[in-house]
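Student: I need the structure of the sequence given here:
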Amino acid sequence: KENTAPFFAIDKKRLAFSKEIDETFLWGWHFSEADRVHQPDSQSLEKGNGKNRLTHSYYLPLPCEAQPNNMRLAYIILDFLSKKFNFSLNTALESIRNLKWHGRIQQLPDGKIIDGAHNPQGIKSLVKTLQSSFNHQKFTVIFGCLEERNPEKAIEILSQIAENFIFVPIDSSRPCFPPE
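Tutor: Okay, here's the model as predicted:
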């Protein structure tokens, strides 16, 4: 007997995203289905093809250039699961508005930003986000990693935004920078 699992293709045109600057921090993303007009309200009436239909716009409060791709994948999974387990896709998408991802481009009350990017792709996304959000400002980068995380490449990428580095040891059997 052959087991089959559903195959999901990510259609980048399925969801439309627009960046929103947030006065409390960097920014987030409004998104809606691509075949529907973006509306700033949660629900609005759209006229199309002679019919009126209810459309929704959602908000993803995570600042990062990579978040639209992550949300596309989450949307496909939620759409599938909502049909399989009979829950409201709209309710699930509305709840994303309250999402918090601690340690991922998180601004602390004193203005410091912390991020746990741990691979070149994540670090590039962090750098791109900080450059666009802070007009190419330079930062003091506190850096520590495990030896298998390619510290040389990470430092090379972070150098684009670093005014200076503070290197910290990691309490592990595989630290990049041994404790002094």
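Student: I'd like to know how many residues surround the nearest residue to Leu60 once chain neighbours are set aside.
Tutor: Spatial nearest neighbour of Leu60, excluding adjacent residues (Cβ to Cβ, 6 or more residues apart in numbering): Trp29 at 4.4 Å. Using the backbone N, CA and C atoms, a C-beta is placed for each residue, glycine as well. Close neighbours of Trp29, defined as other Cβ atoms under 10 Å, add up to 20.
Student: Now do the strands in the chain.
Tutor: 15-21, 27-33, 43-48, 51-56, 58-60, 106-107, 113-114, 139-143, 162-167 (DSSP state E).
Student: Mind telling me which of the ones you listed the model trusts least?
Tutor: Among these, strand 43-48 carries the lowest mean pLDDT, at a mean of 43.
Student: My guess is Ile166 contacts Thr140. True?
Tutor: Yes - Ile166 lies in contact with Thr140 (Cβ atoms under 8 Å); the separation is 6.5 Å.
Student: For Ala74, see how far away Pro68 is.
Tutor: 11 Å (Cβ to Cβ, to the nearest Å).
Student: what separates Ser125 from Asn119, distance-wise?
Tutor: In terms of Cβ to Cβ, Ser125 sits 10 Å off from Asn119.
Student: If you count surrounding residues, which of these two has more?
Tutor: Each of Ser125 and Asn119 has its neighbours counted (other Cβ under 10 Å); Ser125 has more, 21 against 13.
Student: Leaving out chain neighbours, which residue sits closest to that one?
Tutor: Here the residue nearest Ser125, using Cβ to Cβ, 6+ apart, is Ala66, at 4.3 Å.
Student: so what's the residue nearest the centre of the chain up against?
Tutor: Nearest to the geometric centre of the chain sits Gln67, at 2.8 Å (Cα atoms, centre = their mean). With contacts defined as Cβ atoms under 8 Å, 6 or more residues apart in numbering, Gln67 is in contact with Trp29, Leu60.
Student: Regarding this structure, what is its longest helix?
Tutor: helix 67-85 (DSSP state H).
Student: where does this protein have its least confident helix or strand?
Tutor: Ranking every helix and strand in the chain by mean pLDDT, DSSP states H and E puts strand 43-48 at the bottom, with a mean of 43.
Student: and the spatially closest residue to Cys64 that is not a sequence neighbour, what is it in contact with?
Tutor: Leaving aside its chain neighbours, Cys64 sits nearest to Thr129 (5.0 Å; criterion: Cβ to Cβ, 6+ apart). Residues counted as contacts of Thr129 (Cβ under 8 Å, 6+ apart) are Leu26, Pro63, Cys64, Glu65, Ile105.
Student: so where's this protein shaky on pLDDT?
Tutor: Applying pLDDT under 70 to the chain flags the ranges 1-14, 19-26, 34-55, 175-180.
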